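The following comprises the amino acid sequence and a computationally predicted model.
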Amino acid sequence: MMNNNQMLNRPSEQVSALAHSFEHGLEIGQHYVELLTKLAKTEDAHELLEAVNDLVNLDLEDAFVKFPQHYQTTDYYLLLMVRLLEMHSNSELNVTEDPTSHLFYATISSLGEKVLFHFVKDQDGNVGFTDVNDNEPLFSLNIEHQMLRFNNKNLINYFIVKGLKKYSDLDLRSTIKPLLLFAQALHDDLDFVIDRGILGTSNQQHYDLSQPELSLTVIDRLFVSTAETDYMLFNLPKNNGAELRLDRDVNLDLSFDPDDYSQQWFFSVNDPDNQISFFDLLLHYQLIRDWYLSNREELAVKSDPLIFADDQIDENESTDEVEDD
């Protein structure tokens, strides 16, 4: 009687085993092609997300079948972004392949073709959308937990501190639009939880300060800055902060809730149409921008990381505008 090793030594058995190994590799390749085709052609957001999720987790390594150059994992997130924007008739973000590295990069029309963006992956499995020359993601994305969060600190660094040295405020505002549209599409089409941070426009939104306490001298400095402008700074009725009255019936408050024992200071923006964010005020009003940046250590708006405890999203997170960023 022959044992298994003796049977495998037969030429026919060896050829069969080799054929089976090739077949398995080709099955992986066929599945890869199907997923790429779905990624490229589907007009259904759920199918698109499913394809990206499968591609991110697909292992193309095979001992018998070697695949040619294929996408990096982070490229799939970029392709998800551009395809979802295409579905919403937005063409301001374009994806191109570097002919040398074969890596994919995104450009945004308002910044021109020399400013490149890509996704980078962190140790927690989140991916961040960032300028290739910058290591500060503008937003972080996690498709497993279906959540996107903009980073307040990085938005200010990239657009307010550095961006305004090269571009107009209108160009930078145009740059933000496809990012916000992508977030909105994820929310509307795929039920993602979205944290817009300082890009949120709800009058009810609070932009919490990082520091637990605030010296009133910081508000005094804003009062001094308004002396030679048409803007007026008023104390709030309950002596819990101040309100800066701007044009077009837009007001910026820096205050705390007098009924809240923590006395957490926060910014809030009020405008007739709920269309203006704190980011917009920093971008368009030099008075506010200069005051904020000069006192940034005290006025910095909190930037929470994208983290998940026990694989669960906080049930108090809003699916639209969060109130405690």
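Thanks, I have it.

And Leu179, how far from Asn151?
12 Å (Cβ to Cβ, to the nearest Å). No exception for glycine: its C-beta is placed from N, CA and C like everyone else's.

Spit out the residues that contact those two alike.
Common neighbours of Leu179 and Asn151, counting by Cβ atoms under 8 Å, 6 or more residues apart in numbering, are Leu138, Phe139.

Surely Thr130 forms part of a strand?
Yes: under DSSP: H, G, I helix; E, B strand; the rest coil, Thr130 sits within a strand.

can you pull the contacts of the nearest residue to it once chain neighbours are set aside?
Nearest residue to Thr130 in three dimensions, chain neighbours excluded: Pro137, at 4.5 Å (Cβ to Cβ, 6 or more residues apart in numbering). Counting by Cβ under 8 Å, 6+ apart, Pro137 makes contact with Val120, Gly128, Phe129, Thr130, Asn151, Asn154.

Look up phi and psi at the spatially most central residue of the chain.
Central residue of the chain (Cα atoms, centre = their mean): Phe139, 2.3 Å from the mean position. In terms of degrees, to the nearest 10, the main-chain angles of Phe139 are phi -150, psi 160.

The closest residue to it other than its chain neighbours: neighbouring residues, count only.
The spatial neighbour of Phe139 that comes closest, neighbours along the chain excluded (Cβ to Cβ, 6+ apart), is Phe150 at 4.5 Å. For Phe150, the neighbour count with other Cβ atoms under 10 Å is 25.

ditto for Tyr231
By other Cβ under 10 Å, the residues close to Tyr231 number 16.

Next, the contact list for it, please.
Leu244, Arg245, Leu246, Asp247, Leu287.

Would you map out the domains in this structure?
Listed domain ranges for the chain are 24-70, 77-194, 207-299 (source: automatic domain parsing).

Give me the distance from stretch 151-167 to the chain's centre.
Centroid separation for stretch 151-167 versus its chain: 15 Å, with Cα atoms, centre = their mean, to the nearest Å.

Stretch 85-100: how far from the chain's middle?
Using Cα atoms, centre = their mean, the offset of stretch 85-100 from its chain centre is 16 Å.

Check what contacts it and list those residues.
Stretch 85-100 is contacted from outside by 43, 45, 48, 78-79, 81-82, 103-110, 174, 177-178, 181-182, 185, 189, using Cβ under 8 Å, 6+ apart.

one more time with 6 Å
Outside stretch 85-100, the residues that touch it by Cβ atoms under 6 Å, 6 or more residues apart in numbering are Leu78, Val82, Phe104, Tyr105, Ala106, Thr107, Ile108, Ser109, Pro178, Leu181, Phe182, Ala185.

Which one among the residues you listed sits at the bottom for pLDDT?
Among the contacts of stretch 85-100, Phe104 carries the lowest pLDDT, at 92.

hang on, isn't that one packed against Tyr76?
No: counting by Cβ atoms under 6 Å, Phe104 stays clear of Tyr76, with 9.3 Å between them.

Alpha carbons of the biggest strand by length in the chain, as CSV, please.
Across the chain, the longest stretch assigned as strand under DSSP state E is strand 112-121. Only the C-alpha atoms of strand 112-121 are listed here, as CSV (Å, rounded to 0.1, in the frame of the first residue of the first chain):
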residue,chain,number,x,y,z
GLY,A,112,-3.6,73.8,-9.7
GLU,A,113,-1.9,70.6,-10.8
LYS,A,114,1.3,71.0,-8.7
VAL,A,115,-0.4,70.6,-5.4
LEU,A,116,-0.9,66.8,-4.8
PHE,A,117,-2.9,65.0,-2.2
HIS,A,118,-3.1,61.4,-1.1
PHE,A,119,-4.3,59.2,1.7
VAL,A,120,-1.9,57.9,4.4
LYS,A,121,-2.7,55.1,6.8
